[in-house]
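Peer 1: next come a sequence and a model predicted from it.
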Amino acid sequence: MRAGIARLRPLLAAALLLPLMLAGCKKSKDEPKDLGEQMRDVEVDTQVMRDAQAAVNEVIRASSDCELARPAIAAANMKLDEAARNIRTAAGNNSLNTMRKQVQTAQDLCP
């Protein structure tokens, strides 16, 4: 009987250690993303920015008429805030900041 238990000890030890070893193989947040992950982030940013860019374009079109621009500015700011929560890349953040400046310029012209 003891011989049977002695043979199972290495298996038992492996079964207990395997989950711990696999948990250590997870990617940490500090590790750089691979090309596939970066591409997915760019795709997500492109989709997120689509609605925000459309709202900013509406502000720019309406900027010559403050009565039309004010509601467009409010809508654009909401879309930009929504986009900011979902942006994944530094380039996306830079684009978002540029769009915010365009809306802010229109807002300054139509107080």
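Peer 2: Yep, that arrived. Numbers count the residues shown, from 1 in each chain.

Peer 1: where is the longest helix in the chain?
Peer 2: Determined from DSSP state H, the single longest helix within the chain is helix 35-62.

Peer 1: if you average pLDDT over it, what comes out?
Peer 2: Across helix 35-62, the average pLDDT comes to 86.

Peer 1: so which bits of that helix are buried?
Peer 2: For helix 35-62, the neighbour count (16 or more other CB atoms under 10 Å) marks 41, 45, 48-49, 52-53, 55-56, 58-60, 62 as buried. Quick note: C-beta positions are derived from backbone N, CA and C, even for glycine.

Peer 1: mind listing what's buried in stretch 75-95?
Peer 2: 75-77, 79-80, 83, 87-88, 92, 95.

Peer 1: quick one: low-confidence parts of the chain?
Peer 2: Within the chain, the segments meeting pLDDT under 70 span 1-30.

Peer 1: closest to the centroid, which residue in it?
Peer 2: The chain has R88 as the residue nearest its centroid, 2.9 Å off, counting by CA atoms, centre = their mean.

Peer 1: got a list of what the spatially closest residue to that one that is not a sequence neighbour touches?
Peer 2: Sequence neighbours aside, D41 is the residue nearest to R88 in space, at 4.0 Å (criterion: CB to CB, 6 or more residues apart in numbering). Listed by CB atoms under 8 Å, 6 or more residues apart in numbering, the contact set of D41 reads 33, 88-89.

Peer 1: output these as CSV; include the columns distance to C110 and secondary structure.
Peer 2: Shown next, in CSV, are the contacts of D41 (distance: CB to CB, whole Å; DSSP: H, G, I helix; E, B strand; the rest coil):
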residue, distance to C110, secondary structure
K33, 41, coil
R88, 32, coil
T89, 31, coil
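
Peer 1: what is the nearest of the residues you listed to D108?
Peer 2: T89 (28.4 Å; CB to CB).

Peer 1: contact partners for the closest one?
Peer 2: So T89 contacts 38, 41-42, 45 (CB under 8 Å, 6+ apart).

Peer 1: do the same with D45
Peer 2: 87-89, 91-92, 95.
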